[in-house]
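Q: Give me a 3D structure for the following:
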Amino acid sequence: MSNTQLFDSQSSAAAWQAEPLSEFIDSLLLTEGQTEENNQNQPNQPVQNNSTINVPANPVVNTPPAPLHSIPLEISTMDASTANMPGFETKRGINITKLMEQKYNQGAAFPNFSLNAPAVNGQRVMMGTDHEGKDNALVLVDTSTMRNGHITADPIIAAHRSDQPIVDLKWMDGNTVVAAVGEHGDPGLLRVYDVAQSAPGNPVNIVQREQMVVSEHQIRQVAMNQIQRHWIVVGGFDNSLQIMDLNHSPRSIYTRNVGSIVGSIKWETFTNNRLVSCTTDDGKMLMFDACMNLQAPPAVSLQAHAASKDGLFSHERYTETMVLLGFGDGTIEHYDLRNTNQPLSSVRDPFVDAIGEMSYNAQSRMLVTSGLTDFTVWKQDQYGDLSVWSHSALAKSKLKQTGSSSHMEHAVFVDPNTVFSCNTNGNAGLYLQ
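A: Residues are numbered from 1 along each chain as shown. Predicted structure coming up:
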């Protein structure tokens, strides 16, 4: 598929056709307030030299510090006390393994339904399984059925068998999913899947469109450019980041060795959509300017204070200059990227023993952390103070989940006030206020 466009005409990003590589840098330099919609008529027009865009040598460090509380989203303090947690009102739980046995009569083919990597698209969530061997699957569920349906209602929309573990996945548009697949020690593979109906009223099918080898070692994370979603960045056990345009061949455009295993990657819209951030297992948090082909010195190079702990596996850059780091011993550190010598604060998650993922929702001002063996929801007040708000056991469950007590939870926001979580026991839950 050398020049096949991954976006269909119904996609919100359809007008962003794949631009020549010489225009990639210009296309990333979006002015403040610029959106896809007001640029669709001229997707390939380069930014002129007289543009109002300010491109400092270091776009993070050169940003003036803001007075305390002048940015509403900025965290002031972190409190891990669990004494007064309001908590979710309801949890709608499902056992994916049992539903797969009932719906597809192939429970024997999936002896261990270890769920991983939930990716949200509206009310739909795609998950993968990540146990060793060839009996894996992609599963698409409808959270509106979980929310509003009877306790026995089946929320599974579609499933697709995979001969490789699903390590991570992301939606490119409403009908396309990109997944990193493969076992540890194998080459890093990306697969592109179509999620569509052949006609209105027909069942939804998940169909593999393409597979590509992108690394000699397993890929751990995939992140999308939030404006032009055919641009992706991947990283993992080959100690490097790769930026690729999935609408062009050859695919690997820019590569940067970071010297250690890549644990998490984000490509946020902050800083004019320019900076790719990653963490490494040995405790570094790095940010590279995509407009400099990843080859310039890092815009930020942070050696975490808690680097001696059990690995740095996750991060969340929740404002232009603020980032949260999550560690393998449950520690959360809060840094100002303009001064990374010491964390602003540090706290131990009361429920997550090892933090694997972090996600912040700006609208509700909530943070969800997840990993071994729970998830925690934190909430900011009007002063910016962050405190523990809930975790899985507080919700009144409609279905008791089963499986090992030593499991990994993977939690994401479906909307500002609703969390979806799945785990390595094959269970999934929707947590409602």
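Q: what about the residue nearest to Ile94 when sequence neighbours are not counted, how many neighbours?
A: Take Ile94 and drop its neighbours on the chain: the residue closest to it by CB to CB, 6 or more residues apart in numbering is Ala428, 5.2 Å away. C-betas here are computed from N, CA, C, even on glycine. Residues lying near Ala428 (other CB atoms under 10 Å) number 27.
Q: Check Gly149 too.
A: Count around Gly149 with other CB under 10 Å applied: 13.
Q: excluding its backbone neighbours, what's nearest it?
A: Pro155 (7.0 Å).
Q: Any regions of the stretch 101-250 of the chain where pLDDT drops low?
A: 105-112 (pLDDT under 70).
Q: And the residue nearest to Gly149, how close does it get to Thr145?
A: Noted for Pro155: a distance of 4 Å to Thr145, by CB to CB, to the nearest Å.
Q: For these two, work out which one has more neighbours and name it.
A: Set side by side, Pro155 and Thr145 show more neighbours around Pro155, with 22 against 18, by other CB under 10 Å.
Q: for the residue nearest to Ile94, what are its contacts?
A: Gly93, Ile94, Ile96, Leu115, Met127, Val141, Phe420, Ser421, Cys422 (CB atoms under 8 Å, 6 or more residues apart in numbering).
Q: Take these and keep only those in strands.
A: If you go by DSSP state E, the contacts of Ala428 have Gly93, Ile94, Leu115, Met127, Val141, Phe420, Ser421, Cys422 in strands.
Q: Which of those sits closest to Leu241?
A: Met127 (25.2 Å; CB to CB).
Q: returning to what we had before: mind checking pLDDT for the residue nearest to Ile94?
A: Per-residue pLDDT puts Ala428 at 92.
Q: quick one: which helix or strand includes it?
A: In the assignment (DSSP states H and E), Ala428 maps to strand 427-432.
Q: Run through the bridge partners of Arg161.
A: Taking DSSP bridges as the rule, Arg161 bridges to Ala137.
Q: Within the sheet, what are the partner strands of the strand holding Ala428, with directions?
A: strand 90-95 (antiparallel), strand 418-423 (antiparallel).
Q: Give the rounded mean pLDDT of the first one.
A: Over the span of strand 90-95, the pLDDT mean works out to 86.
Q: So for that strand, what gets flagged as buried?
A: Buried residues in strand 90-95, counted by 16 or more other CB atoms under 10 Å: Lys91, Arg92, Gly93, Ile94, Asn95.
Q: re the thing from before, and the strand holding Ala428, how far out from the chain middle?
A: 18 Å (CA atoms, centre = their mean, to the nearest Å).
Q: show me what contacts the residue most central in space within the chain?
A: With distances taken as CA atoms, centre = their mean, the residue of the chain nearest its centroid is Ala223 (6.7 Å). By CB under 8 Å, 6+ apart, the residues touching Ala223 are Lys170, Ile232, Val233, Val234, Ile265, Lys266, Trp267, Val276.
Q: what's the closest of the residues you listed to Pro297?
A: So of the contacts of Ala223, ranked by how close each gets to Pro297 (CB to CB), first place is Val276, at 14.0 Å.
Q: For the longest helix along the chain, list the C-alpha coordinates in CSV.
A: When the chain is parsed with DSSP state H, its longest helix is helix 96-104. Taking C-alpha atoms only, helix 96-104 is exported to CSV below (Å, rounded to 0.1, in the frame of the first residue of the first chain):
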residue,chain,number,x,y,z
ILE,A,96,-15.5,-10.6,28.3
THR,A,97,-14.3,-14.2,28.4
LYS,A,98,-17.8,-15.6,29.2
LEU,A,99,-19.5,-13.4,26.6
MET,A,100,-17.0,-14.5,23.9
GLU,A,101,-17.8,-18.1,24.8
GLN,A,102,-21.5,-17.5,24.5
LYS,A,103,-21.5,-15.3,21.5
TYR,A,104,-18.8,-17.0,19.3
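Q: so Met172 makes contact with Met224?
A: Yes: between Met172 and Met224 there is a contact under CB atoms under 8 Å: 6.8 Å.
Q: Find the residues that touch each one of the two.
A: In contact with both Met172 and Met224: Val178, using CB under 8 Å, 6+ apart.
Q: and Leu190, how many neighbours?
A: So Leu190, with other CB under 10 Å, has 24 neighbours.
Q: List the pairing partners of the helix or strand harbouring it within its sheet, with orientation.
A: Assigned by DSSP H and E, Leu190 falls within strand 188-197. Next to strand 188-197 in the sheet, as set by DSSP bridges, lie strand 176-181 (antiparallel), strand 204-215 (antiparallel).
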